[in-house]
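> Quick one, fold the following:
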Amino acid sequence: MHPLLEKAATKIGKARLLKWFLKLSPMYRSTGGRLIEVSDDFKLVKIKLPLNYKTKNYVGTLYGGHMYSCVDGIYMVQLINILGKEYVVWDKAATIKFRRPGTTTLYATFIITDKLLAEIEQTIQTQKEKDFILNVNLVDKDGKIYAEVEKVIYIADKEYYKAKRRERK
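All right, here's what the predicted structure looks like:
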């Protein structure tokens with residue numbers, strides 16, 4: 001987190017600050033997505049992507065670029081905030097499978113479980129780095145799936161990562 005944001009976060013809470021930052025950030029606002037919930041521990045994030053004139057494509061359904069971009073980066077931001085400064089976290093790759101045209105507001109729920117965190121910590125302790133696959137679906141209010149997104153998240157021990165980068169140079 002940026003040092004100025006870190007200072008503000010101590011006063012109002014990191015989750016609350018992240019929510020306001022993404023609401024105001026041109027980077028995220030341009031996706032069409034809106035954060036609707038961030039838990040204080042960052043383990044739960046919910047977003048919505050409304051179907052409106054800004055998010056429609058040529059045929060009047062949700063533009064696929066908006067469907068992907070509104071979920072891009074969320075898992076990475078969650079894990080950066082949960083794991084802390086001893087880890088490096090990067091979005092590495094993604095795949096999106098469109099199941100049906102987006103004809104209504106869609107929602108995505110990002111959940112980081114204690115089981116996943118234990119797996120990450122154990123794996124990084126022994127292997128120092130690994131790609132983790134996390135999935136999220138874009139669904140309507142009834143839970144019908146419109147798109148499935150698979151994210152590949154790279155996580156490494158920070159000291160190992162720094163040493164690896166030094167070797168490359």
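> Which parts of the protein are helices?
Residue ranges of the helices in the chain, as given by DSSP state H, are 3-12, 14-24, 26-29, 64-69, 74-83, 114-127, 158-168.
> so what secondary structure elements neighbour the shortest one?
Right, the one you point to is helix 26-29. Using 3 or more C-beta pairs under 8 Å, 6 or more residues apart in numbering; DSSP states H and E as the contact definition, the elements that helix 26-29 packs against are helix 14-24. (Glycine included, C-beta is placed from N, CA and C.)
> mean confidence score for the helix it packs on?
Looking at helix 14-24 alone, the average pLDDT works out to 71.
> now do stretch 117-130
98.
> where does the chain have its least confident helix or strand?
Each helix and strand of the chain was given a mean pLDDT (mean pLDDT, DSSP states H and E); the minimum falls on helix 3-12 at a mean of 55.
> Low-confidence stretches in this protein?
Low-confidence regions of the chain, defined by pLDDT under 70, span residues 1-12, 20, 22-24.
> rerun at 80
Screening the chain residue by residue with the criterion pLDDT under 80, one finds the ranges 1-29, 169.
> List the contacts of the residue nearest the centre of the chain.
Residue closest to the mean C-alpha point of the chain, counted by C-alpha atoms, centre = their mean, is Ile74 at 1.2 Å. With contacts taken as C-beta atoms under 8 Å, 6 or more residues apart in numbering, Ile74 has the following neighbours: 45, 47, 108, 110, 136.
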